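Chemist: pasted the sequence and its predicted model underneath.
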Amino acid sequence: QPWQGLDVLLKSFRYLEDYENLKLVICSSVKEKVTKPYHKLIENLGIQDQVIFRYELEKDALYSIIQHAKASVAPLKFGDRNVVQGCCPIKILESMACKTPIIAAELPVTKELLTEDEAYFFWPEDELDLSRCIRFVLDNPESANEKAENAFNRFQQQFTWNHHNEKLQKVYRNLM
């Protein structure tokens, strides 16, 4: 969907040409035909050799990709969907659970899930700032892994099913 910012992520790769073996793996929940406009953008940007699409993956295959990634990117855009209506970017929670370094657009919804000690933030829709974050993660794996570990610890403390079940049980008890 346009509000997810995939175009911004793709455009950021123009600034990462010096990373010869850098690949962007896009895990999409939709069929390939829906992504045609993105394939055209990729072709126009000349980054066909850097982008790999994976469509409608099973959970295990998806988690394997996330776990082995150098980083997971949530390039959400400004707009009603992400700012006014609200959302919960599941990819961030999945990445936290997999101990994968996270790069996210600096929006209220991402700042509710992550802190500066747990992720790298870039200004939404700023592909140069996003490429700066990607570059920093690639050049500083120890720092990136430390933030990923912090995010994992927070996930364990606040976002597991057990944690949410306990909170829900308290609500039910208070209602009774």
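Modeler: Cool, the structure landed.

Chemist: pLDDT below threshold where in this structure?
Modeler: Applying pLDDT under 70 to the chain flags the ranges 2-3, 80-84, 86, 164.

Chemist: where does the nearest residue to residue 106 once chain neighbours are set aside land in three-state SS?
Modeler: Closest residue in space to residue 106, ignoring its immediate chain neighbours: residue 121 at 4.1 Å, by CB to CB, 6 or more residues apart in numbering. Backbone N, C-alpha and C define where each C-beta goes, glycine included. At residue 121 the chain is in strand, as set by DSSP: H, G, I helix; E, B strand; the rest coil.

Chemist: over to the one 10 residues further on?
Modeler: Here residue 131 takes the helix state, with states given by three-state DSSP.

Chemist: also residue 25?
Modeler: With three-state DSSP as the basis, residue 25 sits in strand.

Chemist: thought it was touching residue 55?
Modeler: No. Applying CB atoms under 8 Å as the test, residue 25 and residue 55 come out as separate, 11.6 Å apart.

Chemist: what do those two both touch?
Modeler: Common neighbours of residue 25 and residue 55, using CB atoms under 8 Å, 6 or more residues apart in numbering, do not exist here.

Chemist: and residue 49, what helix or strand is that in?
Modeler: In this assignment (DSSP states H and E), residue 49 forms part of neither any helix nor any strand.

Chemist: run a quick neighbour tally on it.
Modeler: Using other CB atoms under 10 Å, residue 49 has 9 neighbouring residues.

Chemist: check the gap between it and residue 24 for me.
Modeler: 11 Å (CB to CB, to the nearest Å).

Chemist: again, but for residue 42
Modeler: 9 Å.

Chemist: also residue 79?
Modeler: In this view, residue 79 and residue 24 are 23 Å apart by CB to CB.

Chemist: who has more neighbours, those two?
Modeler: Taking other CB under 10 Å, residue 79 and residue 24 do not tie; residue 24 has more neighbours (19 against 15).

Chemist: with adjacent residues omitted, what lies nearest to the more buried one?
Modeler: Excluding the flanking residues, the one nearest residue 24 by CB to CB, 6+ apart is residue 51, at 5.0 Å.
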